[in-house]
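S.K.: Pasting the sequence and the predicted coordinates here, then a few questions.
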Amino acid sequence: MKIFVTGAAGFIGFHLCKSLLAQGHEVHGIDNINHYYDPALKHARLLELGISQPESGSDSKGVDHFAFHFLDLMEGEKLMALFAKERPEVVIHLAAQAGVRHSITEPQSFIDSNIQGFFNVLECVRKHPVMHLLYASSSSVYGSNSETPFRESARTNQPVSLYGATKKAGEVIAHSYVELYKIPATGLRFFTVYGPWGRPDMAYYKFADLITQGKTIDVYNDGQMQRDFTYVDDIVEGIISLIDYPPSRTMDTPHRILNIGRSSPVNLLAFIELLEENIGKKANKNYLPMQIGEIETTYADTSALRELTGYSPSTDLEEGIRKFASWYKSYHGIT
């Protein structure tokens with residue numbers, strides 16, 4: 001199939017493009033390669049896909065059946081023209097401004113990317129219908145909800161960060177578009193994704209940086225946090241497994257929300273210990289209270305996804321951390 005992937009130079013988007021290409025799909029990646037974190041990492045990911053130093057506004061051909069479009073989703077007219085020209089059959093919308101803590105200091109970028117940018121994508125699939133629109137949401141939408149595991153039916157109207165609020169807003173806007181225009185759509189609530197080629201702003205990557213440099217890591221809530229760490233390959237497998245399962249257009253509202261996670265929360269200190277073991281160095285720890293915008297536990301109930309597709313994550317934490325640490329050392333030239 002011809003599949004559009006927004007956020008193709010990002011962590012999950014890069015891995016997704018590789019897997020889709022390996023399965024023989026024609027993939028069109030879209031990304032604006034912003035400077036939220038070092039663009040050199042995004043360019044390195046793209047180089048793995050055969051794209052070398054693209055220029056803003058340009059289209060490039062990469063490996064196999066991969067095309068890359070250097071485009072900002074805020075440029076609605078250009079995005080619409082691309083949809084009109086290429087007519088994708090499936091759209092997987094991953095592009096977003098990420099970072100719970102970043103949303104506290106730079107809120108406007110989250111409104112622009114996560115709401116206006118998503119709106120522009122919805123307008124494109126409204127005018128150029130697709131078989132299935134899949135879009136990224138987040139476990140952050142569960143906010144202060146304390147009932148675990150988190151089920152898709154749980155209350156999500158009390159987010160504790162602007163990031164979570166914009167992801168919840170995206171779900172609501174998508175629902176209204178589906179209601180009005182019968183666009184088969186699936187929202188995906190990701191749970192703490194980690195692995196090779198990850199984002200440097202994520203806790204596990206920052207921990208790896210500080211540990212290797214012999215610096216102190218900040219451990220919030222005195223280490224008593226639990227996260228449903230999910231290896232990136234398992235996330236990608238879950239996304240791909242859903243492509244052929246769009247909600248039926250005969251439904252009143254062909255829209256669903258699904259969790260994608262490992263369903264096995266891990267204590268943050270246990271995670272750090274595994275990272276220390278694989279990096280080969282102990283961390284100096286600075287224990288701090290819970291930080292604003294954070295939640296104590298994430299825990300996915302993935303029974304709905306499993307019943308629909310048979311999804312079952314296969315990467316345990318020990319293997320996932322080993323693979324991340326191996327990549328991290330290689331990428332940063334650490335022996």
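M.R.: Ah, there it is. Numbering: from 1, shown residues only.
S.K.: For the closest residue to residue 232 other than its chain neighbours, list the residues it contacts.
M.R.: Leaving out its chain neighbours, the residue that sits closest to residue 232 by CB to CB, 6 or more residues apart in numbering is residue 195, at 3.5 Å. In short, each C-beta sits where N, CA and C put it, glycine included. By CB atoms under 8 Å, 6 or more residues apart in numbering, the contact set of residue 195 is 11, 15, 231-233, 320, 323-324.
S.K.: So which bits of the lengthiest helix in the chain are buried?
M.R.: Criterion DSSP state H: the longest helix present in the chain is helix 162-181. Residues of helix 162-181 classed as buried by neighbour count (16 or more other CB atoms under 10 Å): 162-171, 174-175, 177-178.
S.K.: CSV please, covering the residues you listed and showing distance to residue 121 and pLDDT.
M.R.: Shown next, in CSV, are the buried residues of helix 162-181 (distance: CB to CB, whole Å; pLDDT from 0 to 100):
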residue, distance to residue 121, pLDDT
162, 20, 93
163, 18, 93
164, 20, 93
165, 19, 95
166, 14, 97
167, 14, 97
168, 17, 97
169, 14, 97
170, 10, 98
171, 14, 98
174, 10, 97
175, 15, 96
177, 10, 96
178, 13, 95
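S.K.: how about whichever strand or helix holds residue 270 as PDB, C-alpha atoms only?
M.R.: Taking DSSP states H and E as the criterion, residue 270 maps to helix 268-279. C-alpha atoms of helix 268-279 as PDB (Å, rounded to 0.1, in the frame of the first residue of the first chain):
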ATOM      1  CA  LEU A 268      12.200   3.400  38.000                       C
ATOM      2  CA  LEU A 269      15.100   2.300  40.200                       C
ATOM      3  CA  ALA A 270      15.000  -1.200  38.800                       C
ATOM      4  CA  PHE A 271      15.100   0.300  35.300                       C
ATOM      5  CA  ILE A 272      18.100   2.500  36.300                       C
ATOM      6  CA  GLU A 273      19.900  -0.600  37.700                       C
ATOM      7  CA  LEU A 274      19.600  -2.400  34.400                       C
ATOM      8  CA  LEU A 275      20.800   0.700  32.500                       C
ATOM      9  CA  GLU A 276      23.800   0.900  34.900                       C
ATOM     10  CA  GLU A 277      24.600  -2.800  34.300                       C
ATOM     11  CA  ASN A 278      24.500  -2.400  30.500                       C
ATOM     12  CA  ILE A 279      26.400   0.900  30.400                       C
END
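S.K.: Give me the contacts around it.
M.R.: Outside helix 268-279, the residues touching it (CB under 8 Å, 6+ apart) are 204, 207-208, 211-212, 217, 219, 221, 223-227, 229, 282-283, 285, 317-318, 321-322, 324-326, 328-329.
S.K.: how far out from the middle of the chain is it?
M.R.: Here the centre of helix 268-279 is set off from its chain's centre by 23 Å, with CA atoms, centre = their mean, to the nearest Å.
S.K.: tell me which residues of it are tucked away?
M.R.: The neighbour-count check on helix 268-279 (16+ other CB under 10 Å) flags 268, 271-272, 274-276, 278-279 as buried.
S.K.: from those, which is closest to residue 128?
M.R.: Distance to residue 128 across the buried residues of helix 268-279 (CB to CB) is lowest for residue 271, with 42.7 Å.
S.K.: okay if I get the contacts of residue 195 as CSV plus distance to residue 262 and neighbour count?
M.R.: Output for the contacts of residue 195, formatted as CSV (distance: CB to CB, whole Å; neighbours: other CB atoms under 10 Å):
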residue, distance to residue 262, neighbour count
11, 17, 26
15, 16, 22
231, 7, 23
232, 11, 23
233, 11, 18
320, 9, 23
323, 15, 18
324, 15, 24
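S.K.: Next step: these restricted to strands.
M.R.: residue 231 (DSSP state E).
S.K.: Doesn't residue 68 lie inside a strand?
M.R.: Yes - under DSSP: H, G, I helix; E, B strand; the rest coil, residue 68 sits within a strand.
S.K.: Tell me who's in contact with it.
M.R.: 8, 28-31, 46, 49, 51, 54, 59-62.
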